[in-house]
Each structure stands twice: as C-alpha cells, then as structure tokens.
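*Asks:* Structure for this input, please:
(2 chains)
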Amino acid sequence: MIDIQNLGFRYRRRGQALFSNLNLQLPAGTLCGLLGANGAGKSTLLKLLSGLSFPQAGRCSVLGHEPSRRDPEMLADIFLLPEEFQLPPLEAAAYATRFGALYPRFDAGMFDRLLGELQTPRQQKLNTLSQGQKKKFLLAFGLATQARLLILDEPTNGLDIPSKGQFRRLLIDHFQPERSFLISTHQVHDLQGLIDSVMVLAQGQILLHETVEALESRLQITVEQEQPGDALYVEKSLEGFKVIRENHGAQESRLDLELMFGLVTTGPGKVRELFRREVRS
Amino acid sequence: MSQSLSIPRLRRQMLNDVLPLLKPASWVLLIQLVVTSLLYLGYNREHGGEDIPISQSTFAAYLMIVGLVMTSMSFRDMHHPLERYRYLMLPVSNLERYLGRYLLTGPLYVIFMLVAFTIMDGAGNLVTHLVLNVTEPRFPQFSRITGYIVCGYLCAHVLMFTGAIAFRSWALIKTALTVLGVQFSTMVAAYIAARIFYPGSFDWTKLQPVREMKVMLTPQFDAKWMNISVGVLFLAWILYVAYRCLKAHEVQDEL
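*Replies:* As a prediction, the model looks like this:
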C-alpha cells in the first residue's frame, strides 16, 4: 500500500534535511501508529504520503501512484484528517453533497449513520462546531468516502473522553483487510490496544517498525521496586520502576507504548539488535 | 475515466467553486445595480461627444475591477494554511483544478457580466426615464468597443490568474507591481540597448536621442494578425507557466 525508498526531503527555508534515505513499507490491512517526538517529521511524512509536499529524492508510492502527481484515482482512495483545519460555513448534508460527489464510492447513508453515532450536530454550520466536533465530522466523512488509506494526524487532540472511546470503536468497526489506517499521535494511550503495528520516527529515519505482536513477544515489561542493572530500559514511576527486558521465556506481556517509545528513542541500537537477532534465529 | 480530464469531475469542481460565490455575487450585483442607476442619473448629458458611451465605460469598469479582484482571490483556499489540505486533496486532477477556475473567472465571468450588465443598463435607463424623462442609448453587447473591452479583460485576467497561483498573499498588488516592474525593466533594457547600438544618436548630456537612429533591421510586424499572434502566443505561454505553477504547488511550511 505504501512503499517509500531512499526518500529525501527538506523544507526550502530550513537548511538541514528532515529525511534522508528514509525507507518504509506499509501493507494493506494495517492499523499503524506513527510515533515521534515534536519536530521529528511525522506531519511532514503524512503530507508527503498525501501529495501535499513533494520529496526531493527517492521514490514514494502510495496505492501504486506517485503522490506528487495528485492523480484523482489516488486522491479518491486517500483521506487525510489533518491536525488543524477549517471547515466551510455549510451544514453537514450540504458538505456531503458538495464534496462527497467527488468521491466515487462515497456512501451518504453511512455518513449519516456515523454522524448519528458520533453525535455530531447536523443542522449547525460546520464552521461553528467545536474543534472536537469538527474532527468527529471529518472522521465520519473520511470513513464514508471508503478510501483505502486513512491518514489521521493527531486525531484524538481536542476529543473528550467519551469521544475518544467512540473514535477507537469506529476505527475498529471500519477496519477491513484491504484498508489501512495510519495514525500519527503524541497521545500514545489513545492508541493502546487499537493498533496492530508501531512505527517510530526519529532522526529522519524509521527507527522501529514492528507489529505489536512481535514487540510483545520480544519485550517483557514489568514493574519492580529496585532499579535493575540488566534492563533494556528503565523509567521511574509512582509504583516503582517500569522495566523493559528481553522476553526470553515467551511470557505474556502487554506493550506499553510510552515505555517502548522511550526505549527506541534512547537506545535505538538495542532494539534493532534485538529484532535482528530474532530474524537470524 | 481519464486521470487528467473528466467532464463530470470538472463540472462538479466548478459547481463547488461557484456555490460559495452566490451570496457575495448577489450583493455585488445589487450594489452595481444601484451604482449604475445613480451614475446614469448624474451623467452630464450636456457634455456629449465622448468616444465611449456611459454604458460601455461603466461596463468596462465593472468587468475589470470586480473580475480582477475576484481572480486575484481565486486560489485563496490553496494558499490558506487551514484550507489548502481540502482543496489540494479533492479527487480532481491538476488540469481540472486549473481549468475550472480559469473558465469561471475568465470566459464564463465575461458572459455572465454581459448578461448582468444588459439588465443593469435596462434598469438604469428605466430609472432615468422615470426621474428625468431621458434615456441613454442601449448597451451594445456586440459592438467593436465592447469586444475590445472584453479582450482587454481577458488579457489582464491571464496575468492576474497567474499571479493568484504564484503569490500566496496580496496577489492583486504583487501582480500589478510585477507587471509594472517587467514593463519598466523592458523599457530600460530597450533604452540601454539603443544607447549601446546607436552611440552616434545620443549625447552624454541628454537622455533623448539627439539624432535619428538608423535602424538596420526593421521588425517585420507590420501585419495586424502578426501582432495579434505574438500577443496570443505570449498569453498562452503565461497560461502554461501558471499551469506548471499549480502543478508544482506544494506545502512548504511546517504548519
């Protein structure tokens, strides 16, 4: 679905390259979380995938198309929910008529159903909705377009607690084997238990791209009272020390995304070595 | 369905572009209707003998002012940090994006204004007839002068359309300054070239030539069709540059 090879990109006003030789493959049927610190280039990567920005080097292919060409066929199959956006002064139905008409598989019935599920006001002008309501509206529209790739940039920012639950349920309900969701966020807790693979972006590279299953089978997370010396990563918490160790005995362990992010960004070599060893074995 | 141009997609895209304009356009037309009536009422008929009747000069002013302002704002959503994602990610091709807005702000706008101004002219004449019991000659939509006005607008429109794509903000002012800058530079370059190639015709103490310049190569642009062809080709090239600009437009800031 997404194939990026040796991609290079830098903003013209910035001297330093944001990405150089970035490689990434994302198959269909994935619910992938994209994690990274501020300024790591998560939003830029999403813009490159959506054809909003153009790479200066390398190859970028999305659904078999080069995003920078902005082919209508590709654009009908991608939906981007940006972090910040503005909606026109229209009611939901008018918006759907006007913009949904350009998406060949737009399902007006599904859109109406989703608006109901998300309790988004139908009669109110979209520009007067709160940021959270706008996000829910656009998410409903994106799902109704039946695009095969949904790119969500900080989708849970501005959502209240019940809405976050609705958001997770919606994504799970609309997940299909031929469809992929790529979710970039700082709110790692919102992705816990939702995603099936994780990508960590730092230093202009994808430092880690693994399935949650693989991470859970290779890493063991425990809470201990004493700081251990043999851990891959340790973080102090109220309960004691949160520890990541290599999972030797294939014990069941639930992935803590925040802790794993800390491990990958502080010692990327350790994780890489761990997974390399697994591939060799 | 073609990736570059599909008529149903183009039609839908144009409809999407027109619908938000309906309300502001109605207000502008209403204001123009009132202004036209007032202009016709206050028109000094004693003066007489002008080359262009009041209906045509009013039409020219409306066509140019409203058309160029509208054209300068036609790609505002493409440059707006919070709106551009929707415009650039709509499933239409670059050619359809380009053609849709070109047709709406150019040829279709001209046709619309010809019809709208005929109504305004009729209303203005009705008011002057009722108040002053006089009428002006009807607006000649198909006269030669109206044709020149329309051609003048279409030429200026090409430049403004390109400016609207190329400049992120203040497109009207920046385009006007760029056109003036290019014109001025061309004149300066021609003057410097004349001073270099015809040193005998100039004196160092005067700006103007003191003796006649003996031009060795007379440009063969005597025939009118040749001048028109050169102009049309130049405008076609500008339109092509505008298309390339739109195609290459990308988000280059980190917002």
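*Asks:* I'd like to know how far B:I228 sits from A:L215.
*Replies:* For B:I228, the distance to A:L215 equals 70 Å [C-beta to C-beta, to the nearest Å]. Backbone N, C-alpha and C define where each C-beta goes, glycine included.
*Asks:* how much space between the residue of chain A most remote from its centre and A:F241?
*Replies:* Going by C-alpha atoms, centre = their mean, the residue of chain A most distant from its centre is A:E226, 34.9 Å out. According to C-beta to C-beta, A:E226 stands 7 Å off from A:F241.
*Asks:* now swap in A:M1 and tell me
*Replies:* Separation of A:M1 from A:F241 (C-beta to C-beta) stands at 39 Å.
*Asks:* which one of the two has more residues nearby?
*Replies:* Per other C-beta atoms under 10 Å in any protein chain shown, whichever of A:M1 and A:F241 has more neighbours is A:M1, with 19 against 16.
*Asks:* ok, which residues in the stretch 1-150 of chain B are in contact with chain A?
*Replies:* For the stretch 1-150 of chain B, the residues found near chain A under the criterion C-beta under 8 Å from any C-beta of the partner chain are B:1, B:3, B:6, B:9, B:12-13, B:15-16, B:19-20, B:80-86, B:88-94, B:96.
*Asks:* Narrow the residues you listed to those that are buried.
*Replies:* B:6, B:9, B:12-13, B:16, B:83-86, B:88-94, B:96 (16 or more other C-beta atoms under 10 Å in any protein chain shown).
*Asks:* just to revisit the earlier point, who's in contact with the residue farthest from the centre of chain A?
*Replies:* Taking C-beta atoms under 8 Å, 6 or more residues apart in numbering or on different chains, we find A:E226 in contact with A:G240, A:F241.
*Asks:* how about the strands in chain A?
*Replies:* Secondary structure of chain A (DSSP state E): strands at A:2-9, A:19-26, A:31-36, A:57-62, A:78-81, A:149-153, A:180-184, A:197-202, A:205-211, A:219-224, A:233-237, A:240-246.
*Asks:* among those, which is nearest B:P107?
*Replies:* The closest of the strands of chain A to B:P107 is strand A:78-81. By C-beta to C-beta, the value is 32.8 Å.
*Asks:* Can I get the closest one as CSV, trimmed to CA atoms?
*Replies:* Output in CSV follows, covering the C-alpha atoms of strand A:78-81 (Å, rounded to 0.1, in the frame of the first residue of the first chain):
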residue,chain,number,x,y,z
ILE,A,78,-6.8,8.5,0.4
PHE,A,79,-8.3,10.5,3.1
LEU,A,80,-6.3,12.8,5.4
LEU,A,81,-7.6,14.1,8.7
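*Asks:* helices or strands up against that strand?
*Replies:* helix A:42-50, helix A:131-144, strand A:149-153, helix B:84-89 (3 or more C-beta pairs under 8 Å, 6 or more residues apart in numbering or on different chains; DSSP states H and E).
*Asks:* With mean pLDDT and distance to B:H157 as added columns, please give those in CSV.
*Replies:* Formatted as CSV, these follow (pLDDT from 0 to 100; distance: least, C-beta to C-beta, whole Å):
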stretch, mean pLDDT, distance to B:H157
helix A:42-50, 94, 31
helix A:131-144, 93, 34
strand A:149-153, 95, 37
helix B:84-89, 92, 21
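*Asks:* shaky segments in the chain?
*Replies:* In the absence of a named chain, chain A is used. A:249-250, A:268, A:276-281 (pLDDT under 70).
*Asks:* my bad, chain B
*Replies:* For chain B (pLDDT under 70), the answer is B:1, B:46-51, B:216-222, B:254-255.
*Asks:* which residue packs closest to the residue in it sticking out farthest from the centre, ignoring adjacent ones?
*Replies:* Most distant residue from the mean C-alpha position of chain B: B:G200, 41.7 Å away (C-alpha atoms, centre = their mean). Spatially, and ignoring its direct neighbours in sequence, B:G200 is nearest to B:R211 (6.5 Å; C-beta to C-beta, 6 or more residues apart in numbering or on different chains).
*Asks:* So the one you found: helix, strand or coil?
*Replies:* What DSSP: H, G, I helix; E, B strand; the rest coil gives for B:R211 is coil.
*Asks:* separation between it and chain A?
*Replies:* Noted for B:R211: a distance of 51 Å to chain A, by C-beta to the nearest C-beta, to the nearest Å.
*Asks:* For the stretch 101-250 of chain B, just list every one of the helices.
*Replies:* For the stretch 101-250 of chain B, the helices defined by DSSP state H, counting those that start in this stretch cover B:107-132, B:144-166, B:171-197, B:224-247.
*Asks:* outside of the last one, which residues touch it?
*Replies:* Yep, that's helix B:224-247 we're talking about. Taking contacts as C-beta under 8 Å, 6+ apart, the residues outside helix B:224-247 that touch it are B:75, B:78, B:94-95, B:97-98, B:102, B:155, B:158-159, B:161-162, B:165-166, B:220-221.
*Asks:* are any of these buried, and which?
*Replies:* B:75, B:78, B:94-95, B:97-98, B:102, B:158-159, B:161-162, B:165-166.
*Asks:* which of B:I228 and A:L215 has more neighbours?
*Replies:* Set B:I228 next to A:L215 and count neighbours by other C-beta under 10 Å: A:L215 wins out with 24 against 11.
*Asks:* Please name the nearest non-neighbouring residue to the residue most central in space within chain B.
*Replies:* When C-alpha atoms, centre = their mean is applied to chain B, the residue found nearest the centroid is B:H157 (2.6 Å). Nearest residue to B:H157 in three dimensions, chain neighbours excluded: B:G106, at 5.0 Å (C-beta to C-beta, 6+ apart).
*Asks:* Between the two ends of stretch B:13-30, how far is it?
*Replies:* Using C-alpha to C-alpha, to the nearest Å, the end-to-end distance of stretch B:13-30 comes to 27 Å.
*Asks:* And for it, what's in contact with it?
*Replies:* A:88, A:98-99, A:102, B:66, B:90, B:92, B:96-97, B:100-101, B:103-104, B:116, B:120.
*Asks:* Please type out the PyMOL selection for whichever of the residues you listed turn out to be buried.
*Replies:* Burial among those is assessed by 16+ other C-beta under 10 Å; the matching PyMOL selection reads:
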select buried, (chain A and resi 88+98+99+102) or (chain B and resi 66+90+92+96+97+100+101+104+116+120)
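*Asks:* what's the closest of the contacts of stretch B:13-30 to A:R13?
*Replies:* Using C-beta to C-beta, B:R97 comes nearest to A:R13 of those, at 25.3 Å.
*Asks:* okay, now the residue lying closest to that closest one once chain neighbours are set aside: neighbour count?
*Replies:* In this structure, B:R97 finds its nearest non-sequential neighbour in B:L246, 6.4 Å apart by C-beta to C-beta, 6+ apart. B:L246 is flanked by 22 other residues according to other C-beta under 10 Å.
*Asks:* how much space between B:L246 and B:G106?
*Replies:* 15 Å.
*Asks:* now do A:A93
*Replies:* Distance from A:A93 to B:G106, counting by C-beta to C-beta: 32 Å.
*Asks:* Looking at these two, which is more packed in?
*Replies:* Between A:A93 and B:G106, counted using other C-beta under 10 Å, B:G106 has the larger neighbour count: 20 against 15.
*Asks:* wait, the more buried one sits on B:M160?
*Replies:* No - in this structure B:G106 lies outside contact range of B:M160 using C-beta atoms under 8 Å: 9.8 Å.
*Asks:* joint contacts of those two?
*Replies:* Common contact partners of B:G106 and B:M160 (C-beta under 8 Å, 6+ apart): B:T71.
*Asks:* these two touch, right, A:Q187 and A:N157?
*Replies:* Yes - applying C-beta under 8 Å, one finds A:Q187 in contact with A:N157, separated by 7.1 Å.
*Asks:* returning to what we had before: starting from chain A, give me the distance back to the residue nearest to the centre of chain B.
*Replies:* 25 Å.
*Asks:* Go ahead and list the helix or strand containing B:A60.
*Replies:* Assigned by DSSP states H and E, B:A60 belongs to helix B:54-72.
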